[in-house]
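# my questions are about this predicted structure, shown below with the sequence.
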Amino acid sequence: MSDQSSNTGTAPEAPGSKHDNLPGILRRIRTRALLTAGVGAALCILGAILDLTQIFRSYLVAFFFWLSIALGCLGIQMLQHVAPGGWGAVVRRPLEAASRTLPKLALLFVPILLGLPHLYPWARPEVIREDASIAHKAYYLNLPFFVWRMVVYFALWAGFAYALSRMSLAQDKTGDPYLSRRMRTVSAVGLIFYCVTTTFASIDWLMSLNPHWYSTIYGVYIIGGQAVSAMSFAILVMLFLADRSPIARAVRAQHFHDFGKMLLAFVMLWAYFAFSQFLVIWAGNLPEEVPYYADRTRDGWRWVSLALVLFHFALPFLLLLSRDIKRSAPRLAAVAGILLVMRWVDIYWLVTPAFHPEGIALHWLDLAATVAVGGIWIYLFAGELETRPLLPIQDPLLKEATANG
């Protein structure tokens, strides 16, 4: 971290302080994450032996939860380049590190490919033969095209993530202000591709679990959820880094205030998309659409739906209205932690009723798969975080962020 201290033009921290050993802390985090992933993976293997179908269902929830954080970080990173501000400069490197895990997440998608017949009705030939409605969609919902679309999604996401990271690192070395304009241009194009590909990926991986059902607002609902996931995760990471060099010399209460305002905006957007989808479908009262919400508002699922209303929107909304909470890193992180848990609940609510419409079916493999994938992802994220300076030291926005903090 000595290079970062000299480049920021401030004195290094005193020897022996906890600020000096961030690389060591990240290495310990990686070791523990890998051990945790190993335990989770062992449980998943046991679960696969006992109930092969259930492990694929649980893995889909886990994978999409962690993918949502990485993808959301890419989206927020590009948004920050298009609408630059000091808040984005101090959080950019964690966002970049998370987005650079996307190529590895493509490898973690392989178990879902292996379990397609266990997850999707359209992947079972006998269902296609008996259901004319699903057979009519076979030109789109078929295995070869499904795989090719997956490859295109991850190629585009990884391409934009690495292009932006490469230009950001080059700016550290050269200080070329032109690179800021290039990153803005690439991000403007990238946001379009991000929204389009995320919409189609959500249709492929989640909506097609119920191939008779459709919603034209589903993609933006997923994008809104990814933004909440990513901003919540970024706040927790910034709390971890806030008293460690070099972030400690740059981040201020005002930055957490800005993070809190962004999180509030994303929570409101998610709620708006969720309610709009519900209202349009319920008011339309079409037989192919209503069962989706009928399953999720009866028996035990109604309590999950109520929990999402209360803890994914109402409570965070009220808390994030407070200026004091937004300016307090620990209290803001507590709100972010609640939202991150509710993001998992939301994805579980999107996936599991397709298999258990009769009521909540929480399985121990749901937790095991989340721990396994999460351990691997945290290992990858921490590894990416320690490969770059924690601040974009030559970016003009960093000076603005420090001066106005």
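That came through, no problem.
# show me what counts as buried in the strand or helix carrying residue 61.
Counting by DSSP states H and E, the element that carries residue 61 is helix 52-82. For helix 52-82, the buried set under the neighbour-count rule, 16 or more other Cβ atoms under 10 Å, comprises 54-81. All C-beta spots, glycine's among them, are computed from the backbone N, C-alpha and C.
# got it, and stretch 278-290?
278, 281, 289.
# distance of the first one relative to residue 341?
The spacing between residue 278 and residue 341, counted by Cβ to Cβ, to the nearest Å, is 22 Å.
# residue 390 contacts residue 241, doesn't it?
Yes - Residue 390 lies in contact with residue 241 (Cβ atoms under 8 Å); the separation is 6.7 Å.
# which neighbours do those two share?
The contact sets of residue 390 and residue 241 overlap at 22, 247 (Cβ atoms under 8 Å, 6 or more residues apart in numbering).
# what residues does the residue nearest to the spatial centre of the chain make contact with?
Against the mean C-alpha coordinate of the chain, by Cα atoms, centre = their mean, the closest residue is residue 69 at 1.6 Å. Neighbour list for residue 69: 98, 226, 229-230, 233, 377 [criterion: Cβ under 8 Å, 6+ apart].
# what's the farthest-apart pair in these?
The distance between the two most remote of these (Cβ to Cβ) is 14.4 Å, for 226 and 377.
# and these two? Which one has more around it.
residue 226 (27 against 24; other Cβ atoms under 10 Å).
# which element is that one on?
Using DSSP H and E, residue 226 maps to helix 218-241.
# kindly export that helix (C-alpha atoms) in CSV.
Extracted C-alpha coordinates of helix 218-241, given in CSV (Å, rounded to 0.1, in the frame of the first residue of the first chain):
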residue,chain,number,x,y,z
TYR,A,218,-39.8,-8.3,-15.5
GLY,A,219,-36.4,-7.2,-16.8
VAL,A,220,-36.4,-3.7,-15.2
TYR,A,221,-37.7,-5.3,-11.9
ILE,A,222,-34.6,-7.6,-11.9
ILE,A,223,-32.3,-4.7,-12.8
GLY,A,224,-33.7,-2.6,-9.9
GLY,A,225,-33.1,-5.5,-7.6
GLN,A,226,-29.5,-5.9,-8.8
ALA,A,227,-28.9,-2.2,-8.1
VAL,A,228,-30.1,-2.7,-4.5
SER,A,229,-27.9,-5.7,-4.1
ALA,A,230,-24.8,-4.0,-5.5
MET,A,231,-25.2,-0.8,-3.5
SER,A,232,-25.9,-2.7,-0.3
PHE,A,233,-22.8,-4.8,-0.8
ALA,A,234,-20.7,-1.7,-1.7
ILE,A,235,-21.7,0.0,1.5
LEU,A,236,-20.7,-3.0,3.6
VAL,A,237,-17.3,-3.1,1.8
MET,A,238,-16.8,0.6,2.3
LEU,A,239,-17.5,0.3,6.0
PHE,A,240,-14.8,-2.4,6.1
LEU,A,241,-12.3,-0.2,4.3
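# distance between it and the chain's centre?
Mean-position distance between helix 218-241 and its chain equals 6 Å (Cα atoms, centre = their mean, to the nearest Å).
# mind starting the numbering at 188 from now?
With the count now opening at 188, the last piece we talked about shows up as helix 405-428.
# what residues of whatever helix or strand comes next after it count as buried?
Downstream of helix 405-428, the next assigned helix or strand under DSSP H and E is helix 440-471. Buried residues in helix 440-471, counted by 16+ other Cβ under 10 Å: 442-447, 449-451, 453-458, 460-461, 464-465, 468.
# low-confidence bits of the stretch 188-337 of the chain, can you list those?
By pLDDT under 70, the weakly predicted segments of the stretch 188-337 of the chain are 188-207.
# 90 instead?
188-211, 270-276, 316, 318-320 (pLDDT under 90).
# the helices in it, which residues?
189-195, 209-237, 239-269, 273-286, 289-295, 297-301, 303-306, 312-317, 319-323, 330-361 (DSSP state H, counting those that start in this stretch).
# which one of the ones you listed lies closest to residue 401?
In terms of Cβ to Cβ, the element of those nearest to residue 401 is helix 319-323, at 11.1 Å.
# who touches that closest one?
The contact list for helix 319-323, computed with Cβ under 8 Å, 6+ apart, reads 308-309, 314-316, 328, 398-399.
# most neighbours among those, which one?
Top of the contacts of helix 319-323 by neighbour count (other Cβ under 10 Å): residue 309, with 23 neighbours.
# contact partners for the nearest residue in space to it that is not next to it in sequence?
Excluding the flanking residues, the one nearest residue 309 by Cβ to Cβ, 6 or more residues apart in numbering is residue 328, at 4.0 Å. For residue 328, the contacting residues are 307, 309-310, 321, 395, 398, by Cβ under 8 Å, 6+ apart.
# ok, now residue 354?
Contact analysis of residue 354 by Cβ under 8 Å, 6+ apart lists 366, 369-370, 373.
# return the member of the residues you listed nearest to residue 407.
For the contacts of residue 354, the nearest to residue 407 is residue 373 (22.4 Å; Cβ to Cβ).
# roughly how far apart are residue 586 and residue 448?
Look at residue 586 and residue 448: by Cβ to Cβ, they are 22 Å apart.
# revised request: answer the last question for residue 539.
Distance, residue 539 to residue 448, by Cβ to Cβ: 33 Å.
# I'd say residue 248 and residue 536 touch.
No - with contact defined as Cβ under 8 Å, residue 248 does not count as touching residue 536 (9.7 Å).
# what's the closest non-adjacent residue to residue 349?
Closest to residue 349 by Cβ to Cβ, 6+ apart is residue 287, at 6.6 Å.
# list the contacts for the one you found?
Each residue near residue 287 by Cβ under 8 Å, 6+ apart is listed here: 348-349, 352, 571.
# now residue 580: phi and psi?
Backbone geometry at residue 580, expressed as degrees, to the nearest 10, gives phi -70, psi -20.
# measure how buried it is and give me the count.
Counted by other Cβ under 10 Å, the residues lying close to residue 580 total 20.
# shouldn't it be in contact with residue 359?
Yes - contact between residue 580 and residue 359 holds when scored by Cβ under 8 Å: they sit 5.5 Å apart.
# which residues does stretch 210-221 contact?
Stretch 210-221 has contacts (Cβ under 8 Å, 6+ apart) with 188, 431, 561-563, 565-566, 569-570, 572-573.
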